[in-house]
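Enquirer: show me how the following folds:
(one chain, ligands or ions: 1)
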Amino acid sequence: MVERDLRGRGLADERVLRAMAHVPREDFVPRWMRRSAYADQPLEIGAGQTISQPYVVAATLEAARIAESDRLLDIGTGSGYGAAVASLVAAEVFSVERLRDLARPAERRLARLGYGGVRVRLGDGSVGWPEHAPYDVIIAGAAGPAIPPAWKEQLRDGGRIVAPVGNRLEQRLVRLTRRGSAFDEEFLMDVRYVPLIGEQGHSER
Ligand code: SAH
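Expert: The predicted model follows:
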């Protein structure tokens, strides 16, 4: 998977590729889906949510330019897969999930698989996780109508946010880099994520 779907499609950050090769995606998907675990596609994980496509997980982490000493905030824990990969690239990972039925199993799964260093919080990640700010990197697996102001406030100077932005159907993955009180924004690719639902995201329908 790493060679074909990641390196083969232009990803080149060796630390991210090594982390992707290391984390068993099959351990993060329901048992009946294990055979599809290494296909480069998003997969259903229950509660109407999905585990992101490997390429998008890797591209997001590469775009975030993570240093070994970085503190990273991950929005939308889901299965915990993205957080597990991130934990092999960053120094500290904080992950927020709004659905209890995903957050608790993800927390247990991460501990069982040896990623107990990832801190999982049940709550609305659209307002970040202020207690542990500032972060060097913020990544999101769910798309809001705009980058939440709370994330910008909780980002260290020089830090990066890589997140999808858009309506419920069409979104763009963007990278914001903080320069003092200004933020450079770059377009990365068109994507399709589940909605970010919360105070600074979309409203619950
Ligand atoms: N990165 C995850 C996939 C995330 S799917 C993985 O690797 O498995 C997106 C997740 O974001 C879903 O679990 C959804 O419940 C969650 N989510 C949506 N809005 C949220 C919010 N405001 N705060 C935290 N999590 C949110």
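
Enquirer: low-confidence ranges in this protein?
Expert: Along the chain, the model assigns pLDDT under 70 to no residue.

Enquirer: now the helices for it?
Expert: 14-22, 54-63, 81-87, 100-112, 149-153 (DSSP state H).

Enquirer: mind checking the longest strand of this protein?
Expert: strand 155-166 (DSSP state E).

Enquirer: wait, does that one contact the ligand?
Expert: No. Legend: contact between strand 155-166 and the ligand by CB under 6 Å from any ligand atom is lacking; minimum distance shown is 9.9 Å. Yep, even glycine has a C-beta here, placed from its N, CA and C like the rest.

Enquirer: from the helices of the chain, which stretch is densest packed?
Expert: Of those, the one with the most neighbours on average (mean count of other CB atoms under 10 Å) is helix 81-87, at a mean of 28.

Enquirer: interface residues of this structure facing the ligand?
Expert: So far as CB under 6 Å from any ligand atom goes, the chain lies against the ligand at 49-52, 75-76, 78-79, 81-82, 96-99, 102, 124-126, 141-142, 194, 196-198, 201.

Enquirer: still on that earlier bit, need the helices of the chain in a markdown table with distance to Pro130, can you?
Expert: Below are the helices of the chain laid out as a markdown table (distance: least, CB to CB, whole Å):
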| stretch | distance to Pro130 |
| --- | --- |
| helix 14-22 | 27 |
| helix 54-63 | 23 |
| helix 81-87 | 19 |
| helix 100-112 | 18 |
| helix 149-153 | 8 |
